[in-house]
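Peer 1: Okay, predicted coordinates and the sequence, questions at the end:
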Amino acid sequence: MSPAAAAPEPALYLGLISGTSADGIDAALVRFADGGAAPACELLLAHTFPWQADLRAALIALGQGGDAPSLDELGRLDAQTGHAFADAALQLLAKAQLPRSTVRAIGSHGQTIRHRPHAVPPFTWQLGDGNVIAERTGIDTVADFRRRDVAAGGHGAPLMPAFHAALLHSPLEDRAVLNLGGIGNFTLLPREGAVRGFDTGPANALLDAWCERHTGKAFDAAGAFAASGNIDTALLARLLDDAWFALPPPKSTGREQFHLAWLETCLQGSPLAAEDVQATLLELTVVTVTEALMATQPGTRRVLVCGGGVHNRALMARLDDCLPGVVVESTAAHGLDPDYVEAMGFAWLARETLAGRPGNLASVTGAKGPRVLGAVYPG
């Protein structure tokens, strides 16, 4: 075939997300292929870009239930967050030494500051103005993915199950994808039947916050801090007594529900050692994850883990102990970098939006039906 007649290279997409922990902006440059020998989803380059400390502090304060001091401040944060996401996209392209013209679109999740699926009326809110990203980068940008699903009666979360199903489903076994981000969530991938998914409760957001308060470190490396303590069964029982855990799917939550003030209420002034609280928080994640899986897909044979929690050896070992007969392994074993699955997923969602295809799964979110997600901001 002559060069003139050769098929064009598949377009690249760039995904951006900062999760519940707000520990950085994950950026992923992805190439998709619809068939043949090439991988269905190839990660070309990824990087996590740090937040400016003052901006991160303001976003976390809002995300855990705080109020902005003024509308001016909220507007400024929305624009400032958009600039931070645009900077991440441009820096990733510079690292890749690729021109902007090679990227078909950016998919930007933004930073969640409030998630109220049970409010009347329900709403979810992510900062990071897509206009700013499109203007700064000159690349078509898809953002604001969650609110259309909420408008359709869904939770707007989790949104990764459709992406997980496209890449990780197996006709040979019941699988589950476990994202251990700030909040834990499952995608259930049965051999046959509908894909389901839901949040399980707090994961890294509480573990990181408690660790930072008592050690000065942003996260509990390998779970060593938790491993040095002992589980307090009385505290664990009080934590598990929160009514949210008893809700049936569809269910979703965030930092506004599970934060340090919530933990302090459960502590009830108990003089526990900091490491014992950390051990108990880790056990909370383990118990809520394993009980949710056994209640919803007890025949699961493989749990594929992604998100920052995959690096917490104490957490992974405890999950393995509590799920006998189930293989617990990183998504890396299946070709997906566990640190960038969500960023890759939002690149994929941007692709689906531009193709006019739905990005949600009503069986997961509870929406009235499939919906094309997000707003498109031309570059």
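Peer 2: Cool, got the structure.
Peer 1: going forward, measure contacts and count neighbours with C-alpha atoms only.
Peer 2: Noted.
Peer 1: for the protein, longest helix please?
Peer 2: helix 71-96 (DSSP state H).
Peer 1: For it, the averaged confidence score.
Peer 2: The average pLDDT for helix 71-96 rounds to 98.
Peer 1: That helix: what's the following helix or strand?
Peer 2: Proceeding N to C from helix 71-96, the next assigned helix or strand is strand 103-108, under DSSP states H and E.
Peer 1: coming back round to it: list the buried residues for the longest helix of the chain?
Peer 2: Judged by neighbour count (16 or more other Cα atoms under 10 Å), helix 71-96 contains these buried residues: 74, 77-90, 92-93.
Peer 1: Next, the angle strand 103-108 makes with that helix.
Peer 2: Orientation check (axes from the mean of the first three to the mean of the last three Cα atoms, to 10 degrees): helix 71-96 against strand 103-108 gives 140 degrees.
Peer 1: Who are the packing partners of helix 71-96?
Peer 2: Contacts defined by 3 or more Cα pairs under 8 Å, 6 or more residues apart in numbering; DSSP states H and E place helix 71-96 against strand 12-17, strand 25-32, strand 41-49, strand 123-127, helix 130-137.
Peer 1: TSV for those, including mean neighbour count?
Peer 2: Below are the helices and strands packed on helix 71-96 laid out as TSV (neighbours: other Cα atoms under 10 Å):
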stretch	mean neighbour count
strand 12-17	27
strand 25-32	25
strand 41-49	18
strand 123-127	20
helix 130-137	22
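Peer 1: looking at these, which is closest to R104?
Peer 2: R104 lies closest to strand 12-17 among those, at 5.7 Å (Cα to Cα).
Peer 1: who touches the closest one?
Peer 2: Here strand 12-17 makes contact (Cα atoms under 8 Å, 6 or more residues apart in numbering) with 25-32, 85, 88-89, 102-111, 342-348, 350-351.
Peer 1: Low-confidence bits of this structure, can you list those?
Peer 2: Applying pLDDT under 70 to the chain flags residues 1-10, 34-39.
Peer 1: Quick check: A11 touching R100?
Peer 2: No: contact criterion Cα atoms under 8 Å: A11 and R100 do not qualify, at 11.3 Å.
Peer 1: returning to that earlier point: using CSV, lay out the helices and strands packed on helix 71-96 together with distance to K368.
Peer 2: Converted to CSV, those look like this (distance: least, Cα to Cα, whole Å):
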stretch, distance to K368
strand 12-17, 26
strand 25-32, 29
strand 41-49, 29
strand 123-127, 16
helix 130-137, 26
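Peer 1: out of those, nearest to R56?
Peer 2: Per Cα to Cα, nearest to R56 of these: strand 25-32, 10.6 Å.
Peer 1: Going along the chain, name the strands of the stretch 201-350 of the chain.
Peer 2: 302-306, 327-330 (DSSP state E, counting those that start in this stretch).
Peer 1: Can you list the helices and strands that the longest one packs against?
Peer 2: In this case it means strand 302-306. Using 3+ Cα pairs under 8 Å, 6+ apart as the test, strand 302-306 ends up in contact with strand 175-180, strand 327-330.
Peer 1: Identify each buried residue in stretch 364-375, please.
Peer 2: For stretch 364-375, burial by neighbour count (16+ other Cα under 10 Å) applies to V364, T365, G366, A367, R371, V372, L373, G374, A375.
Peer 1: Go through those and flag which are in strands.
Peer 2: A375 (DSSP state E).
Peer 1: Could you save the buried residues of stretch 364-375 as CSV and add columns showing distance to V277?
Peer 2: CSV is the format used below for the buried residues of stretch 364-375 (distance: Cα to Cα, whole Å):
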residue, distance to V277
V364, 32
T365, 32
G366, 35
A367, 37
R371, 42
V372, 43
L373, 40
G374, 39
A375, 42
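Peer 1: Just the ones of the buried residues of stretch 364-375 in helices?
Peer 2: Short answer: the buried residues of stretch 364-375 in helices (DSSP H) are V364, T365.
Peer 1: from the buried residues of stretch 364-375, which single one is nearest R191?
Peer 2: Nearest to R191 among the buried residues of stretch 364-375 is V364, at 16.4 Å by Cα to Cα.
Peer 1: outside of stretch 268-277, which residues touch it?
Peer 2: For stretch 268-277, contacts defined as Cα under 8 Å, 6+ apart pick out H214, F225, A226, A227, S228, G229, N230, I231, D232.
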